[in-house]
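A.B. asks: fold the stuff below for me.
(2 chains)
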Amino acid sequence: MAFEGQGFGEPRDVLCEVVFNSAMCGYTELLTDPSYAGQGVVMTYPMIGNYGICYEDAEAGHPWVEAFIVHSVSGIASNFRCDIDLDGYLKSNRIPGISGIDTRALTRCLRESGTMRGMLCFGDQVDRDEMKRKIAAHVVPNGVSQVSIRKPRDYGNGSVKVALLDYGTKENIIRSLTRRGCTVRRFPNDTPFEEIKAWNPDGVMLSNGPGDPQACVKEIAELKRVYESGIPTFAICMGHQLMALSQGANTYKLKYGHRGINHPVKELKSNRVYITSQNHGYVVDAGTIDSSVAEVSYISMNDRSVEGLDYKNGRVFSVQFHPEACSGPLDTGFLFDRFMDLMGGGRV
Amino acid sequence: MSKISSIQKVLIIGSGPIVIGQAAEFDYAGTQACRALREEGVEVILVNSNPATIMTDGEIADKVYIEPLTIDTLKKVILKERPDSVLPTLGGQNALNLAVELEESGFLAEHNVRMIGTNADTIRMAEDRELFKEAMARISQPCAESEIAETVEDSLLIAKRIGYPVVVRPAYTLGGSGGGIAYTEEQLHAIASMGLHRSRVNQVLIERCISGWKEIEYEVIRDGNGNCITVCNMENFDPVGVHTGDSIVVAPCQTLADKEIQMLRSASIAIINELKVEGGCNVQFALNPESFEYCVIEVNPRVSRSSALASKATGYPIAKVASKIALGYTLDEIENEITKKTYACFEPTLDYCVVKIPKWPFDKFVHARRSLGTQMKATGEVMGIAPTFEAALMKAIRCLEQNMFDLTDAELDGLSDLDVSERIHAVDDRRLFAVAEALRRGFAMEKIHSVTKIDRWFLQKLQSIIAVEKRLANEPMSKELLQKAKSFGFLDETVAKFSGISIEEIRGLKEKWAIRPVYKMVDTCAAEFEAETPYYYSSYGDENESRPERSRKKIMVIGSGPIRIGQGIEFDFCSVHSVWALKKLGFETIIVNNNPETVSTDFDIADKLYFEPLTPEDVWHIVELEKPDGAVVQFGGQTAIKLAGAIEKMGIPLLGTSFDSIDEAEDRERFDAILAQCGIPHAAGRMVFTCEEALQAAHELGYPVLVRPSYVLGGQGMDIAYSDDDIREQIGIINTIAQEHPILVDKYLMGTEVEVDAVCDGVDTVIPGIMQHVERAGVHSGDSISVYPAQSLSKQVEDTIVDYTRKLALALRVRGLLNIQFIVKDEQVYIIEANPRSSRTVPYISKITDIPIVHLAVRTFFGETLPEMGYQYGLQPSKSLIAIKMPVFSFEKLYGADVNLGPEMKSTGEVLGIARSFEEAMIKAFQGAGMHLLTNGNVIITVKDQDKEEVLPIAKGLCDLGWTIYSTEGTSNYLKENGIPNVRLNKVGGDAPDILDVILSGTIDLVINTPSKGAEHRRDGFLIRRNTVEAGIPCLTSLDTANAFLRCVQHVEDTNLSVVDITKVSSFLVFL
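C.D. replies: Residues are numbered from 1 along each chain as shown, chains lettered A, B, ... in the order given. The predicted structure is shown next:
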């Protein structure tokens, strides 16, 4: 399957895993979300770049997507906060993009055939067979170690100490905590538990991140010890999957993932439905959860897959979606308050 | 939660007649709601005074009361039907107001009727300015600084404090009626006094003016469990200052980053939670384009025009979901009808852009002020769907059917740059084109932005369309360029216009380069899930998703486009019924239409919906893909009829009457020949092309004459001319509407006007009934009070009408519907015109006679005869009831429009009065139209000389009842001479107080004024009538109407008004 269009951003060939996102806004946050490392993202919304890029909306210091695939790029960046236009931003960060393609057709293709590997190739003369060979040989790298911080870094100056295990954290997770009066120390993904414990945190936060959770063997091993420690722990996305794996559950890959900001989840206790921001290709297998260890707290209203777990020890809870939003609805921000309560701390 | 079992029988209050600010969207919402409730086994009792609606069909509700929407009616219906609940959120502002009034009176509680959906407290909190402000303050949602005033003096004080300019918003009114922006004390004085007068509770809000901010809307849904979702957000092309109903609106928002989007989304949810709405709610915000500052403009705790637009823009059926919520369901229990795989508790995501453009009536009201502000003026709207704003906008422009197909306006061609610069300052319906012209001439975008405050993003999009225009003009044609132009929404003829290449050559190039549109699905989820809905729009992408059905025969139905004066909701009624009839016959149905407010564009009416402009090219592409076995044009009004020739040329058989026959009825010479052949008399007439020819024709025929363009609807451009001056003025006006067709000049006959709708099967006709107009010939049939059955025709005249109808139907080879208007004068029957298509009266006459006219017409297409369907040829026996159709106008909203009735149609909607006696039916009709039938009061009577004798009995009748008559010199003297006491008023501009002062003083209850001819808008009569309607006083400009009014007030006190369930019409005794 080939789509032809016009290049923008950096004119560079890349191999990636191709996924689609159905959000109609929030491309700055998306581009900079480390969970997209290694992925080429197709925007289902056709007009992208309308309000340019606002640096303060970024989820990391630079974009993490491998390639950006859109129907059309705005000829103007119109917003009072705009710092740079989309094309300029991608160019300065050496990210390639392609526009002018039938993104709906591509999305339907991904929906039917599932997430697939792909290649963005620049130039008029493209050797398609060569491309196919490269795509076939492409191995999606383990993303977590690639995107995590190299050494610990501190944020905020609050009374509650939170150790954040960075599997590719979005900065709004950090902002959501510091805003509630936390000091956050961001640790590299494979930090041994002793090191975390030595800092004496009130709680542990497990972040989002890219790739296959089962590949994170070392991280999973450390999480077993975090769990056993009884330190209050809140996990999001990849963190949620890793914690589940550490407690004997399994994960599997979804056909084409959940990526968008319109995903309904239901809180089973209250029967309340919330609209959430989601970005994941893997999911915890409900059938493998030991009911003496954890119970499902949230499910997806679209496919009934697991969207949250409450652990029976009362110290750990996790969600598959993104309560920190950015982009997306702010409806589930109360989960951070719940974490604060669990740590015995205050709230905003 | 699930359905509340005690809800068994629900009363739904409709929205009444179509007026500016309240159009077809409530028929769409109401119909969807009725169907949703009945799906749940709930019995639906419907009250709506508008007979043209689909919701008032016996198939949609269990009991249907086409009765005036008054408290009295509702009480009677409640007592008769004993519903356990009332659902007030589907009938617009009117229904909300009525429900609150019923609740406040204690009547609902007394009769154990609960309000479901949204309760009275919520409605009060959203509608009462003070309560609303308090509620917003509780949840820290900012509103524009404002204060409520109950007097003009208060208003001035408040404005002084807030600072000018200020916005004046009357409480509890519709479409911003009576509001406006005041820049000076003087203006505020005028606007506030009007607003106070209009408001049901005599309150106006004086508000800080935030015009120029971005206007953003959210459609939110909440269920009884507190689950909230936002269905859609929308951004106005026109910044705050133009009523959202008059704004070009885009969905989704385009210029907001996620931070702003989520801020406003969260605010919407906080608001709907605080108000505890259970159902749909519309929240409007103003957003400062230079900061995160915003304020809440308005909240509507009900379905609305915006929710209809949001439903069509996303595919999410808001009214249906809201109704299920009202029954107790929660969002997670309601299936998403589109995907059938997901639930209603998700937020639709679009992978295309939607542009709505309002349809304004300024082509009908050439003297009306075209400026746009807080008072809505549009009668309808269209929507374009495409992957880009450019293409969606271009589509929407051509949906408007105003002879414009792109961003150019021929009127601007000759203007100097200075003139164009002035035009972009004028906030009116033509601003879009003026802005485009300015960009085309190279005006700086920044300059245009600073004048108009239209976001630079929109301006840049216009710029990019213009760039394509210029490339077409300057570059040799290439595949890339043609592809680009097509993907930007240029028609072939637009490409031809700019490139200078012939249209045939362009079509050849398209063929050669394989440039053709594909069709994409509106699926609520941007292709994330497989969807089942057959709702499509065209796009120049790669993949076509619309798979033509090949196993069944299929028929394409052409819809009627935007609601406008002369082509209203009736044609949507006919289109929808034709689809249902075709489905029943086993055909696959395809509908093509572009009006987001209507039932016909609901996703589950036809088997397939193409949401597209109705031009030959747009239809051709659909035909090319679908290859339908036939097309139906006779139900979609003039919009569809105009396509008849083009469709026949495409090789698609027209079902029913052929294009040739349609042309025969429209073409004067051919029609005259047919009439001669049938021996049917008609007023003598001529067909002319120039003013000189028109004058000559008038002299030959003798004044007065009727002057009108051919091939138009609703008598557009038609008027009676009494002199050469009148002719010159008329021809001038006609020529401004780009008339390619000849102009007709006919001798004007003054007699009784009679109308029939007939069905012809090729053998003979069935006439469900004869309608007689109250107003004499000369008043457009759409503006006349129409009485079924005809009251004063002799048997011989009736027989002649039946005979002529039959002869004409056969001579024109009609298959299906035929509408004919006759004049009866001295027992002679003359024909005025014949239209071989559906008409305005079809819905009403079908309902009242219980004869499914549209269904019969459809079956005749396939060779069935009427007797085979169970109907004897000829005039059907009358029902023992009287049904009176009363026109409803929206004059108060159109400054500068003259309100006098004439051959050009001016009404926007209609109501029906049904009863066993003429008086009772007429009383109901007047009440339904909003007239108070006072048995005494103050009336101003000023009539032209020719009418003085005729007005005498009316004046005497009113006087005898105890009315006080006021009048100006001529009429006053005449009345006095004839023994009718009256109070003499000074003429316009005379010593104070003059007649206008008296009208505005608030003591007058009725004005009867017949206009004198001439360049009359400059005359006093115009000022009198304008001031009357603007003061909210009924103004009767035909003595026939005045007579009917008198007859009603004479009987109103001793008439006990019944309520009639029209689903039981068939059980009314038939008398022969």
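
A.B. asks: the stretch 51-200 of chain A against chain B: which residues are in contact?
C.D. replies: For the stretch 51-200 of chain A, the residues in contact with chain B (Cβ under 8 Å from any Cβ of the partner chain) are A:51, A:54, A:57, A:71-72, A:74-76, A:78-81, A:101-105, A:107-108, A:111. C-betas here are computed from N, CA, C, even on glycine.

A.B. asks: can you rerun that using 7 Å?
C.D. replies: Contact residues, the stretch 51-200 of chain A versus chain B (Cβ under 7 Å from any Cβ of the partner chain): A:51, A:54, A:57, A:71-72, A:74-76, A:78-81, A:102, A:104-105, A:107-108, A:111.

A.B. asks: buried only: go through those for me.
C.D. replies: Neighbour counting by 16 or more other Cβ atoms under 10 Å in any protein chain shown classes A:51, A:54, A:57, A:71-72, A:74, A:76, A:78-79, A:81, A:102, A:104-105, A:107-108, A:111 among these as buried.

A.B. asks: in helices, which of those residues fall?
C.D. replies: Among those, the ones falling in helices (DSSP state H) are A:Arg104, A:Ala105, A:Thr107, A:Arg108, A:Arg111.

A.B. asks: please list all residues in contact with residue 148.
C.D. replies: Since no chain was named, I'll use chain A. Taking Cβ atoms under 7 Å, 6 or more residues apart in numbering or on different chains, we find A:Ser148 in contact with A:Asp166, A:Tyr167, A:Gly168, A:Pro188, A:Asn189.

A.B. asks: try again with chain B
C.D. replies: B:Arg129, B:Glu130, B:Gln203, B:Leu205.

A.B. asks: what is the lowest-pLDDT residue among the residues you listed?
C.D. replies: Note: of those, the lowest pLDDT belongs to B:Arg129, at 77.

A.B. asks: what's the neighbour count on that one?
C.D. replies: 22 (other Cβ atoms under 10 Å in any protein chain shown).

A.B. asks: please verify my assumption that it contacts B:Ile206.
C.D. replies: No: using Cβ atoms under 7 Å, B:Arg129 makes no contact with B:Ile206, being 10.1 Å away.

A.B. asks: that older thread, check the contacts of B:Ile148 against B:Gln791 and report the nearest one.
C.D. replies: B:Gln203 (44.5 Å; Cβ to Cβ).

A.B. asks: now do the residue lying closest to the closest one once chain neighbours are set aside against chain A, distance only.
C.D. replies: Spatial nearest neighbour of B:Gln203, excluding adjacent residues (Cβ to Cβ, 6 or more residues apart in numbering or on different chains): B:Ala171 at 4.2 Å. Between B:Ala171 and chain A the computed distance is 33 Å (Cβ to the nearest Cβ, to the nearest Å).

A.B. asks: for the top helix by length along chain A, packing partners?
C.D. replies: Counting residues, the longest helix found in chain A (DSSP H) is helix A:217-229. Packing partners of helix A:217-229 (3 or more Cβ pairs under 7 Å, 6 or more residues apart in numbering or on different chains; DSSP states H and E): helix A:193-199, helix A:238-246.

A.B. asks: what is the burial count for B:Asp258?
C.D. replies: 26.

A.B. asks: an error on my part: the question was meant for B:Ala120.
C.D. replies: Using other Cβ under 10 Å: B:Ala120 sits among 17 other residues.

A.B. asks: what sits against the residue sitting furthest away from the middle of chain A?
C.D. replies: Computed with Cα atoms, centre = their mean, the residue of chain A farthest from its C-alpha average is A:Gln125, at 35.2 Å. Counting by Cβ under 7 Å, 6+ apart, A:Gln125 makes contact with nothing.

A.B. asks: that one and B:Thr89: what is the separation?
C.D. replies: Using Cβ to Cβ, to the nearest Å, we find A:Gln125 at a distance of 62 Å from B:Thr89.

A.B. asks: now B:Gly874
C.D. replies: Per Cβ to Cβ, B:Gly874 is found 46 Å from B:Thr89.

A.B. asks: do B:Arg114 as well
C.D. replies: B:Arg114 is 14 Å from B:Thr89, by Cβ to Cβ.

A.B. asks: quick revisit: which of the ones in helices among the buried ones among the residues of the stretch 51-200 of chain A next to chain B lies closest to chain B?
C.D. replies: Nearest to chain B among those: A:Ala105, at 3.6 Å, using Cβ to the nearest Cβ.

A.B. asks: residue contacts, the closest one?
C.D. replies: B:Gly541, B:Asp542, B:Glu543.

A.B. asks: cool, B:Cys345 as well?
C.D. replies: Contacts of B:Cys345 by Cβ under 7 Å, 6+ apart are A:Pro264, A:Val273, A:Met301, B:Asn227, B:Ile229, B:Leu331, B:Asp332.

A.B. asks: is it possible to export those residues to TSV including neighbour count?
C.D. replies: Below are the contacts of B:Cys345 laid out as TSV (neighbours: other Cβ atoms under 10 Å in any protein chain shown):
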residue	neighbour count
A:Pro264	24
A:Val273	26
A:Met301	22
B:Asn227	22
B:Ile229	27
B:Leu331	24
B:Asp332	19
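
A.B. asks: so which residues of the stretch 51-200 of chain A form strands?
C.D. replies: For the stretch 51-200 of chain A, the strands defined by DSSP state E, counting those that start in this stretch cover A:67-69, A:72-73, A:96-99, A:116-120, A:153-155, A:160-165, A:182-187.

A.B. asks: could I get those as TSV with mean pLDDT?
C.D. replies: What follows is the strands of the stretch 51-200 of chain A, written out as TSV (pLDDT from 0 to 100):
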stretch	mean pLDDT
strand A:67-69	98
strand A:72-73	97
strand A:96-99	98
strand A:116-120	95
strand A:153-155	98
strand A:160-165	97
strand A:182-187	98
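
A.B. asks: now render those strands as TSV, adding distance to B:Val420.
C.D. replies: Shown next, in TSV, are the strands of the stretch 51-200 of chain A (distance: least, Cβ to Cβ, whole Å):
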stretch	distance to B:Val420
strand A:67-69	39
strand A:72-73	29
strand A:96-99	33
strand A:116-120	45
strand A:153-155	55
strand A:160-165	59
strand A:182-187	58
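
A.B. asks: right, and those - which one's nearest B:Ile605?
C.D. replies: Between B:Ile605 and these, the tightest spacing by Cβ to Cβ is seen for strand A:72-73, at 32.3 Å.

A.B. asks: chain center to that closest one: distance?
C.D. replies: Mean-position distance between strand A:72-73 and its chain equals 24 Å (Cα atoms, centre = their mean, to the nearest Å).

A.B. asks: got it, and stretch B:53-64?
C.D. replies: On Cα atoms, centre = their mean, the centre of stretch B:53-64 falls 20 Å from the chain's centre.

A.B. asks: got the contact list for it?
C.D. replies: With contact meaning Cβ under 7 Å, 6+ apart, stretch B:53-64 is reached by B:14, B:27, B:30-31, B:34-35, B:43-46, B:48, B:50, B:66, B:81, B:569, B:573, B:576, B:599, B:847, B:1061-1063.

A.B. asks: show me these that map onto strands.
C.D. replies: B:Glu43, B:Val44, B:Ile45, B:Leu46 (DSSP state E).

A.B. asks: out of those, which one sits closest to chain A?
C.D. replies: B:Val44 (28.1 Å).

A.B. asks: which pLDDT value goes with residue 181?
C.D. replies: I'll assume chain A. pLDDT, A:Gly181: 94.

A.B. asks: the chain in question should be chain B.
C.D. replies: Value listed for B:Ile181 in the pLDDT field: 86.

A.B. asks: tell me the contacts of A:Pro34?
C.D. replies: Here A:Pro34 is in contact with A:Ala60, A:Trp64, A:Val147, A:Gly168, A:Thr169, A:Gly209, A:Pro210 (Cβ under 7 Å, 6+ apart).

A.B. asks: just give me the neighbour total for the closest residue to B:Gly586 other than its chain neighbours.
C.D. replies: Nearest residue to B:Gly586, sequence neighbours excluded (Cβ to Cβ, 6+ apart): B:Arg552, at 7.1 Å. Burial of B:Arg552 is recorded as 12 neighbouring residues (other Cβ under 10 Å).

A.B. asks: B:Arg552 and B:Glu588 touch, don't they?
C.D. replies: Yes: contact criterion Cβ under 7 Å: B:Arg552 and B:Glu588 qualify, at 4.5 Å.
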